[in-house]
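Participant: how would this look folded up:
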Amino acid sequence: MSALGNIRKDIMGNEASWQESITAGRFAGKTVIVTGAGSGIGLATALRVAKEGGKVIAADISAERLDELVAGNSGLDLVPVAGDISDEDTVAAVVAAAGGRVDALANVAGIMDHFAPIHEVDDVTWERVFRINVTALMRLTRAVVPLMLEAGSGSVVNVASEAGLRGSAAGAAYTASKHAVVGLTKNSSVMYGPKGLRFNAVAPGATITNIEATWGSQLAAERLGPLMGANIPAPATAAQLAASITFLLSDDGTNVNGAILASDGGWSAV
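Facilitator: This is a model prediction of the structure:
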């Protein structure tokens, strides 16, 4: 059973109260890389940017999902690149597809753990979570920053998590990885801000995606279940998270640098 399955609230009101509103031309003439673009928040972000006039380099581990994305949106400028984004060859292919220009980067791809506390974490889980959530993000950003420095501008948005803000939202591996994303974001904002680059992160709360979070630890279920059940607002849609991400990616976020935007329905305020 999903870890949130027994505590998810009615989402109908959340969906009915907000409708996506496309800002025509907001990304016109811009090239934007989006990882995890085959599903969930990455898919919603790629579509939002493309609908607003951007050229999207859509990266995902699944070639099949990318093929479906492109086939279903023939009128949009979507360039698919399939592969493991933690692999340097895939990183090189993504950058090559951008053709020497990257105006913005959305590091969305990520994986969940199974809520295991540190004494139950195995090396395979730890290394896989960090490879996808941290190392892949670092490697792609490392490859893109020189192009942004040459241009004198650029926006990077990393997807952190509520688990990057607190210790009660996931297991040890995922929590540590998302705290690392927050640290990378803040350090990069300080390092590159004077060069015209902006680095921000969005910290989602409960979101409706295809990433399933399962209780793999009895201790975690006993300890975190009641805390999460009492505090988590209604889950957001992937499109709602894309709205937060694209705001920071776009020139609308002009004066925002080093921010960790909690797009969580108020969970972090509890």
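Participant: how much space between the most centrally placed residue in the chain and residue 25?
Facilitator: With distances taken as Cα atoms, centre = their mean, residue 108 lies nearest the centre of the chain, 2.6 Å away. From residue 108 over to residue 25 the distance is 23 Å, taken as Cβ to Cβ, to the nearest Å. For the C-beta atoms, the positions are set from N, CA and C on the backbone; glycine is no exception.
Participant: show me where the stretch 51-200 of the chain has strands.
Facilitator: Here the stretch 51-200 of the chain has its strands, by DSSP state E, counting those that start in this stretch, at 55-60, 78-82, 104-107, 154-159, 197-204.
Participant: For the third one, give me every contacting residue.
Facilitator: Translated: strand 104-107. By Cβ atoms under 8 Å, 6 or more residues apart in numbering, the residues outside strand 104-107 that reach it are 27, 30-35, 42, 45, 49, 54, 136-137, 140-141, 144, 154-159, 181, 245, 249-250.
Participant: Regarding this protein, what is its longest helix?
Facilitator: helix 172-192 (DSSP state H).
Participant: Next secondary structure element downstream of the least confident helix or strand in the chain by mean pLDDT?
Facilitator: Within the chain, no helix or strand scores below helix 12-16, which has a mean of 45 by mean pLDDT, DSSP states H and E. Once the chain leaves helix 12-16, the next helix or strand it forms, by DSSP states H and E, is strand 31-35.
Participant: So which elements touch that following strand?
Facilitator: For strand 31-35, the elements it packs on are helix 40-51, strand 55-60, strand 104-107, helix 136-151, judged by 3 or more Cβ pairs under 8 Å, 6 or more residues apart in numbering; DSSP states H and E.
Participant: Which of the ones you listed sits closest to residue 201?
Facilitator: strand 104-107 (8.8 Å; Cβ to Cβ).
Participant: Show me the shaky parts of this protein.
Facilitator: Filtered on pLDDT under 70, the chain yields the residue ranges 1-16, 210-213, 215-216, 228-230.
Participant: Let's see that with 50 instead.
Facilitator: 1-16 (pLDDT under 50).
Participant: and the angle for the longest helix of the chain with strand 154-159?
Facilitator: Here the directions of helix 172-192 and strand 154-159 differ by 160 degrees (axes from the mean of the first three to the mean of the last three Cα atoms, to 10 degrees).
Participant: Can I get helix 172-192 in PDB? Just the C-alpha atoms.
Facilitator: Listed next in PDB are the C-alpha coordinates belonging to helix 172-192 (Å, rounded to 0.1, in the frame of the first residue of the first chain):
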ATOM      1  CA  ALA A 172      17.200   8.500   5.800                       C
ATOM      2  CA  ALA A 173      18.500   8.200   2.200                       C
ATOM      3  CA  TYR A 174      15.900  10.300   0.500                       C
ATOM      4  CA  THR A 175      16.000  12.900   3.300                       C
ATOM      5  CA  ALA A 176      19.800  13.200   3.100                       C
ATOM      6  CA  SER A 177      19.700  13.400  -0.700                       C
ATOM      7  CA  LYS A 178      17.200  16.300  -0.700                       C
ATOM      8  CA  HIS A 179      19.100  18.200   2.000                       C
ATOM      9  CA  ALA A 180      22.100  17.800  -0.400                       C
ATOM     10  CA  VAL A 181      20.000  19.300  -3.200                       C
ATOM     11  CA  VAL A 182      19.200  22.300  -1.000                       C
ATOM     12  CA  GLY A 183      22.900  22.800  -0.200                       C
ATOM     13  CA  LEU A 184      23.900  22.600  -3.800                       C
ATOM     14  CA  THR A 185      21.300  25.100  -4.700                       C
ATOM     15  CA  LYS A 186      22.300  27.600  -2.100                       C
ATOM     16  CA  ASN A 187      26.000  27.200  -2.700                       C
ATOM     17  CA  SER A 188      25.500  27.700  -6.500                       C
ATOM     18  CA  SER A 189      23.400  30.800  -6.000                       C
ATOM     19  CA  VAL A 190      26.200  32.400  -4.000                       C
ATOM     20  CA  MET A 191      28.900  31.300  -6.400                       C
ATOM     21  CA  TYR A 192      27.200  32.300  -9.700                       C
END
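Participant: Lovely, talk soon.
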